[in-house]
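> Need a 3D model of the following:
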Amino acid sequence: MSPPRLSWSVTLLYGLLRIAGRLPLPVLHALGAAVGRWSWRWHGRTRRITENNLSLVLTQESVQSRHAIGRAAVIETGKSLCEIAKIWGNSPENALALIREVRGRELFDTALTRGRGLIIAAPHLGCWELLNYWLASQTPLAILYRAPRHAVIEPLLLKARGALPVEQVRAEGAGVRTLYRRLAAGGVVGILPDQKPRHGEGVLAPFFGVPAATMVLLPRLAERTGASVLFSFVERLPRGAGYRLHFLPAPAAIADRDLDVACAALNRSVEDCVRLAFAQYQWSYKRYPADPANSGY
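Residues are numbered from 1 along each chain as shown. Purely as a prediction, here's the structure:
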């Protein structure tokens, strides 16, 4: 496949990413932290959604404690924005050299040797773009993505994520069929398990005790293909020291034929990941419907 054509504006953005990617990671994280602090003081959309989500989840915490956690989460969101320059604007080899430790590597190796397919569930936690690079450096990989709202950005995503050989498939009929074929052949696919599904394509399942819009695609893939499922994320280390990659096992219930059971198991596994780096979760993501009874799920 020929590389995607970029518009002049996106070409300029990619060039700026490559320039910024020469900065040391501690500098980029410091800049990102400054962006996060500004966003928190500005009381914008990111802060409002973060505070609303945490008010639902952290009901046992004081207002002051939730405020501190929310501020830390928005600062981490700022870091996630700036660190993209280091991942996408640099060579994959340089980006991968920032991974200092891999925990649970034996789970990944064992799942590969089974040869029955492997689903990597990568929540919106830490630096998931670096996880794509690591997986692609280890094995042929297909990742599912949802087309961005602004179509002009899609070629940039395809180019940046394709720096290593990765099959990128849209979250639509043909793309889903590609994932089934990959898994049936013993391949590896990556999915964001907490991606908010479209209406009619998900269910409400508890996430930290609160009904959240939850995809059914991953449980269906697991149940119908018999593939292994692992949860994985890349944790941001303090002061720009690099990253720690985690693999966690998924419960057997994630492949249950009862989608309510399977989706509850999926969310529990995302919770297990989040508890390891709570502030690094994308708490500004709207998975909680304001009116669950009339949410369409």
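> Can you show me the strands along the stretch 151-297 of the chain?
Assigned strands in the stretch 151-297 of the chain, in chain order: 166-170, 188-191, 202-207, 210-215, 228-236, 243-249 (criterion: DSSP state E, counting those that start in this stretch).
> CA atoms only for the shortest one, dumped as PDB, please.
Taking Å, rounded to 0.1, in the frame of the first residue of the first chain, the C-alpha atoms of strand 188-191 are listed here in PDB:
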ATOM      1  CA  VAL A 188      -2.500 -10.600  16.800                       C
ATOM      2  CA  VAL A 189      -4.900  -7.700  16.800                       C
ATOM      3  CA  GLY A 190      -5.100  -4.600  19.000                       C
ATOM      4  CA  ILE A 191      -8.300  -3.000  20.200                       C
END
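> in the helix or strand where residue 15 lies, what counts as buried?
For residue 15, the host element (DSSP states H and E) is helix 8-20. For helix 8-20, the neighbour count (16 or more other CB atoms under 10 Å) marks 10, 14, 17, 20 as buried. (Glycine included, C-beta is placed from N, CA and C.)
> next one: stretch 131-139
Residues 131, 132, 133, 134, 135, 136 are the ones in stretch 131-139 that count as buried (16+ other CB under 10 Å).
> Closest one to residue 145 out of those, please.
Residue 145 lies nearest to residue 132 out of the buried residues of stretch 131-139, by CB to CB, at 9.9 Å.
> what's the distance between that closest one and residue 173?
Distance check for residue 132 against residue 173: by CB to CB, to the nearest Å, it reads 23 Å.
> For the stretch 51-200 of the chain, give me the ranges with low pLDDT.
For the stretch 51-200 of the chain, no stretch has pLDDT under 70.
> Which residue ranges of it form helices?
Along the stretch 51-200 of the chain, the stretches classed as helices by DSSP state H, counting those that start in this stretch are 63-88, 92-96, 105-114, 128-138, 154-161, 173-184.
> Which positions within the last one qualify as buried?
Translated: helix 173-184. Burial within helix 173-184, assessed by neighbour count using 16+ other CB under 10 Å, is assigned to 175, 176, 178, 179, 180, 182, 183.
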